[in-house]
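> fold the following and give me the result.
(chains A and B)
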Amino acid sequence: MIYLLTASYCEASAWIVHYRLKKDTGQTRFQVFENQDAGIRLVITGEGGIAAAVAIGSIGTQYRAGAEDFLIHIGFCDNTLPGKTPASALFLCNQILEQETGNVYYPDILYRHPFQEASVCSGITLPSQVRCEEPIRRLYDTQAAAIYRAGSYFFGPHQMMFLKVTPKSGQTAVDTPEAIKSLIGIHTKPVAAYIARLKAAGQKEERQEPVSGDLLETLCRDLYCTKAMSLSLEQHIRYCMLAGIDYRNRIDGLYREHKLPCKNKREGKRCFEELKQKLL
Amino acid sequence: MKNLNRNYYNPFFSHIYVEHEVMEHPRARRILDRFAGAQIIEISHYKDVFCRKGQNAALQHRSQKLIVAKKQGSLLYRGALPCQSFGNEHFYYTSCVMNCMYHCEYCYLKGMYPSGNIVIFVNLEDYFCEARRMLARHPVYLCISYDTDLLAFEHMTGYVAEWLKFAKDQENLTMEIRTKCANRGLWSRMPAIQGVIYAFTLSPQAVIDAFEYGTPSLEQRIACVAEAMQHGLAVRLCFDPMLYCPDWELHYGVMLEQIFAQIPIERLADVSVGTFRISQDYLKKMRRQEPYSAIVQFPYQNDGGICRYPKALSGRMEKYLTDRLKTYLPAEKIFVWEQEDS
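The predicted structure is shown next:
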């Protein structure tokens, strides 16, 4: 599942339309839109770091976000980078500086992307209020650091992406929802292509569950296994499956020879040792 | 069929994280110049990137990043218990590069480091200084390529050449450079220096194919060994780790035949033999990260915190190899790893 996070509805609307997301009316704290078939769930967190962190805590727990999921924060921010940017740009953040603590967070940039990269300074102080003699070389936002920190409870650094949309140079105040919506909308296509790539990369390879629970349970019962013996047996069978060893035939052999099921613990221990040797 | 999966990932070293303090260091500049197209990200300390919580080293191996930094604190460490000391009393190792560009499924680095990225430390002089201090007290057997494959990075770093320059003037130093690299072009630039041993890890081709991704083939490694010996370099062969697989005897037998046919084995400095073993803590972490790896999921026997094959199996494997080697080499040149009683 891809979790899209935006602060406001105007930042979300382009994705709601693009992915045909439907509002989950069961959600009362935050607005959640989703399309299960597309594997997209969008959460509108509200402004600021605290709201974003609470939203992540809520959805992460509720939906059990985990190893195959991605968290993508898409937000609008002022263009504070030096140099001329003739049109609206989209940046993937490779570094997040938390204003309040000075801590720096680094999302992994493992996957190919077509965007420019930038560092983002995240906190409550606006760039115009930052006293700095050097030219500002960062983007500024209020949520990225909080999202990274809260997201770390559910996602690894390779699963969190931070996309920031900026207006063209000099256009430092874009204050109407319509203007923001329109700026975000410009980047729908490349972001959607990026999301499609992430989904494809994140797809879990179809693997057979290494050890069949029923088989193990029966075998442990027939061998009078202690907890330690059960774990050892499970490890042996897991290895056999992965190494392509025909363990079922070897186990069946013991049943055919009437060594299994065992009559008591002592016999079980002896048979357990024999089985381990046969499996390797 | 081509693996399209690879297209999802950024190329290797697409991003280079550089500590602010070493940004202008000549060695850092050399690395950055080599990867002119890389995205450079300035950091304050390498651990901010290398030691992040929740990293997936297996995925990071598909798009490894470089971290260029200055190493502080201890620079030389005592040899670890699972490592072969070759009878040296003062056995140390050092890591001026952390992590490896090869991707061996069984490698302990996956259990040791929290990240799959590579750290290159540029303050080699500090390493030399600490080694000199130690050499003033006693002879030192120093392994410089344990937590990486330094020769595989030589085109990027030139660190082996720098260590050789250092070793040339040290009387009491024995230095081992362990590698799976097969870059034969390096030897013309590597002078033969007393006390420097090039240790090649050799595995049967079946093992290389199954577990040692991205490493040179056995044929290439043997050719590289032969050429190093022609250049008069002291060479050690490491059949360590020996890995269990179905038909291991056949595979190791074929490998030995290939080696005996191409390498004047009697001229080797020595050989090392040891079946796979690993610290229980590293294995625990690797099992979580690689649930589908047969070699990691093997039901090893835990002997005092070191996980290894059952004694009967490891004994059989080691005996097979040492018996074959003894027909060519005196017993004192064959080192078999044995666990010390704790």
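
> state the helix or strand in which residue A:236 lies.
helix A:227-243 (DSSP states H and E).

> which strands and helices sit next to that helix?
Counting contacts by 3 or more C-beta pairs under 8 Å, 6 or more residues apart in numbering or on different chains; DSSP states H and E, helix A:227-243 is packed against helix A:213-223, helix A:247-256, helix A:265-279, helix B:294-297. (Glycine included, C-beta is placed from N, CA and C.)

> would you list the ones you listed in TSV and tack on mean pLDDT?
Below are the helices and strands packed on helix A:227-243 laid out as TSV (pLDDT from 0 to 100):
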stretch	mean pLDDT
helix A:213-223	89
helix A:247-256	91
helix A:265-279	91
helix B:294-297	94
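
> of all those, which one is nearest residue B:235?
Proximity to residue B:235, assessed across these by C-beta to C-beta, is greatest for helix B:294-297 (26.9 Å).

> what comes up buried for that closest one?
Within helix B:294-297, the residues that count as buried by 16 or more other C-beta atoms under 10 Å in any protein chain shown are B:294, B:295, B:296, B:297.

> how about stretch A:91-102?
Buried-residue list, stretch A:91-102, by 16+ other C-beta under 10 Å: A:91, A:92, A:93, A:94, A:95, A:96, A:97, A:98, A:99.

> which of these sit farthest apart?
Once C-beta to C-beta is applied, the buried residues of stretch A:91-102 give A:92 and A:99 as the farthest pair, at 20.3 Å.

> next, the nearest residue to residue A:115 once chain neighbours are set aside: phi, psi?
Among residues not flanking residue A:115 along the chain, residue A:92 sits closest, at 4.4 Å (C-beta to C-beta, 6 or more residues apart in numbering or on different chains). When read as degrees, to the nearest 10, the backbone of residue A:92 gives phi -100, psi 130.

> now do the one 4 residues further on
Phi and psi for residue A:96, reported as degrees, to the nearest 10, are phi -120, psi 120.

> what pairs with it across the strands?
residue A:105, residue A:120 (DSSP bridges).

> now it: how far from residue A:138?
10 Å (C-beta to C-beta, to the nearest Å).

> identify the contacts common to the two.
The contact sets of residue A:96 and residue A:138 overlap at A:119, A:120 (C-beta atoms under 8 Å, 6 or more residues apart in numbering or on different chains).

> show me where the stretch 51-200 of chain A has its helices.
A:144-151, A:177-186, A:188-202 (DSSP state H, counting those that start in this stretch).

> please identify the most buried of the ones you listed.
helix A:144-151 (a mean of 26; mean count of other C-beta atoms under 10 Å in any protein chain shown).

> packing partners for it?
Right, helix A:144-151 is packed against helix A:49-62, strand A:70-76, strand A:89-98, strand A:104-105, strand A:116-122, strand A:160-166 by 3+ C-beta pairs under 8 Å, 6+ apart.

> what helices or strands is the fifth one leaning on?
Spelled out, it's strand A:116-122. Using 3+ C-beta pairs under 8 Å, 6+ apart: strand A:116-122 touches strand A:89-98, strand A:139-141, helix A:144-151, strand A:160-166.

> mind putting the ones you listed into TSV with mean pLDDT and distance to residue A:4?
Shown next, in TSV, are these (pLDDT from 0 to 100; distance: least, C-beta to C-beta, whole Å):
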stretch	mean pLDDT	distance to residue A:4
strand A:89-98	94	14
strand A:139-141	89	16
helix A:144-151	97	12
strand A:160-166	95	10
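
> dump the ones you listed to JSON lines, plus distance to residue A:24.
Listed next are the helices and strands packed on strand A:116-122 as JSON lines, based on distance: least, C-beta to C-beta, whole Å:
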{"stretch": "strand A:89-98", "distance to residue A:24": "27"}
{"stretch": "strand A:139-141", "distance to residue A:24": "26"}
{"stretch": "helix A:144-151", "distance to residue A:24": "20"}
{"stretch": "strand A:160-166", "distance to residue A:24": "22"}
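
> residue B:224 is nearest to which of those?
strand A:89-98 (37.7 Å).

> CA atoms of that closest one as CSV?
Provided in CSV are the C-alpha atoms of strand A:89-98 (Å, rounded to 0.1, in the frame of the first residue of the first chain):
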residue,chain,number,x,y,z
ALA,A,89,9.4,22.5,-9.7
LEU,A,90,9.2,19.3,-7.8
PHE,A,91,11.9,18.2,-5.4
LEU,A,92,12.7,14.9,-3.7
CYS,A,93,14.2,15.6,-0.4
ASN,A,94,17.4,13.7,0.4
GLN,A,95,18.0,15.5,3.8
ILE,A,96,15.6,16.8,6.4
LEU,A,97,17.0,19.3,8.9
GLU,A,98,14.8,19.6,12.0
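
> ok, now which ones touch the closest residue to residue A:13 other than its chain neighbours?
With sequence-adjacent residues excluded and distances taken as C-beta to C-beta, 6+ apart, residue A:13 is closest to residue A:181, at 5.4 Å. Contact analysis of residue A:181 by C-beta under 8 Å, 6+ apart lists A:10, A:11, A:13, A:14.
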